[in-house]
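Visitor: could you work out the structure for the sequence below:
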Amino acid sequence: MSRSERSGCPINLALEVLGDRWSLLILRDVIFAGRRTYNELLASDEGIATNILADRLKKLVDAGLLRRAPNPEQRQRPIYSLTEPGIRLLPALVHLGDWGQSWLPASEREAEQARRLFAGGPRRWAAMMDELRRKHLDPSETAA
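Guide: Predicted coordinates:
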């Protein structure tokens, strides 16, 4: 455990990486909306500030949840890809969405999407994670 971590508790460690307002929303947009560039992520409905987005992307890359690579279509603008640990957050995001639509005033459209995702269950989530692996990981990484 490094000196910057409060404890070795797995929940604490996860929150130290994901516990700010924006990190999970950025991962949500990469996972569910297919947003992979800075400008696509900047267009999120929540209106993230440019400096915050840049900071959170760097933190997510440093934490090993995203990878930053040259964009083959626009060399000066990188593309962000999920890593295996980032992909494995999908079920947690589905559960958060289900909780949010059950207990908070979510829009009906968003609530219905969350209900459908949750109802799909572990088989659907596994299929979605496999699809994310095909889109985001190098073939050598998919054996993980």
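
Visitor: helices of this protein, start to end?
Guide: 10-18, 23-32, 38-42, 50-62, 84-87, 90-103, 108-136 (DSSP state H).

Visitor: and of these, who's closest to Glu73?
Guide: Proximity to Glu73 (CB to CB) singles out helix 38-42 among the helices of the chain, at 12.3 Å. Any C-beta I mention is one placed from the backbone N, CA and C, and that applies to glycine too.

Visitor: and the contacts of that closest one?
Guide: Ile26, Asp29, Val30, Arg35, Ile48, Thr50, Leu53, Ala54, Leu57, Arg77, Pro78, Tyr80 (CB atoms under 8 Å, 6 or more residues apart in numbering).

Visitor: in the helix or strand of the chain with the lowest mean pLDDT, which residues are buried?
Guide: Sorting the helices and strands of the chain by mean pLDDT, DSSP states H and E puts helix 10-18 at the bottom, at a mean of 92. By 16 or more other CB atoms under 10 Å, the buried positions in helix 10-18 come out as Glu16, Leu18.

Visitor: now it against helix 90-103, angle please.
Guide: On the basis of axes from the mean of the first three to the mean of the last three CA atoms, to 10 degrees, helix 10-18 is oriented at 90 degrees to helix 90-103.

Visitor: what packs against helix 10-18?
Guide: helix 23-32 (3 or more CB pairs under 8 Å, 6 or more residues apart in numbering; DSSP states H and E).

Visitor: and the helix it packs on with helix 50-62, angle?
Guide: Going by the same axes, to 10 degrees, helix 23-32 makes 70 degrees with helix 50-62.

Visitor: what are the C-alpha coordinates of helix 23-32, in CSV please?
Guide: Extracted in CSV, the C-alpha atoms of helix 23-32 (Å, rounded to 0.1, in the frame of the first residue of the first chain):
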residue,chain,number,x,y,z
SER,A,23,-14.4,9.4,-13.6
LEU,A,24,-17.3,7.0,-13.8
LEU,A,25,-19.2,9.3,-16.2
ILE,A,26,-16.2,9.3,-18.5
LEU,A,27,-16.0,5.5,-18.3
ARG,A,28,-19.8,5.3,-18.8
ASP,A,29,-19.4,7.3,-22.1
VAL,A,30,-16.6,5.2,-23.3
ILE,A,31,-18.4,1.9,-22.4
PHE,A,32,-22.0,2.6,-23.3
